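Chemist: No sequence on hand, only this structure:
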């Protein structure tokens, strides 16, 4: 007996390279399934970078929702990112829609390049001091 309908198969593969981490999430909707599968995958990645100097690019001219706003009406307003470089110096929770799929996190002493495929949205999040209320957050990890 299948617990979920429609039927699906999922695999998640992690590959470690000398200077790279690769992940692959594959979801398969078999032909004998009773209907097409709709799903959403939320992959949370946390990077230890200096929050005061890190900059994320390229997100300029991409539409986003600001989840730090106080009312549901304000949170539902689609905004356009005007900054060439996005920072996280303040409490940040932005959901960018239909973004580019390749992102650079850069700071004076380093950078991380993130490449995604078939993930059209990206979230930039930094809870600042509110992070100390998250049970599994490393102390000072925000």
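Modeler: The structure has been received and is ready for your questions. Only a predicted model underlies this, so the values are computations on that prediction, with no experimental measurement involved.

Chemist: Strands along this protein, start to end?
Modeler: Assigned by DSSP state E, the chain shows strands spanning 9-16, 21-28, 55-57, 63-66, 78-80, 92-96, 102-107, 110-115, 122-126.

Chemist: Sketch out the low-pLDDT regions of the protein for me.
Modeler: 1-2, 140-142 (pLDDT under 70).

Chemist: what's the closest of the strands of the chain to residue 135?
Modeler: strand 122-126 (16.6 Å; CB to CB). In short, each C-beta sits where N, CA and C put it, glycine included.

Chemist: Which elements pack onto the closest one?
Modeler: Counting contacts by 3 or more CB pairs under 8 Å, 6 or more residues apart in numbering; DSSP states H and E, strand 122-126 packs against strand 92-96.

Chemist: which residues are in contact with the strand it packs on?
Modeler: 59, 62-68, 81, 86, 121-128 (CB atoms under 8 Å, 6 or more residues apart in numbering).

Chemist: Show me which of the residues you listed are buried.
Modeler: Using 16 or more other CB atoms under 10 Å as the burial test, the contacts of strand 92-96 include 59, 62, 64-65, 81, 86, 122-127 as buried.

Chemist: What is the nearest of those residues to residue 52?
Modeler: For the buried ones among the contacts of strand 92-96, the nearest to residue 52 is residue 126 (10.6 Å; CB to CB).
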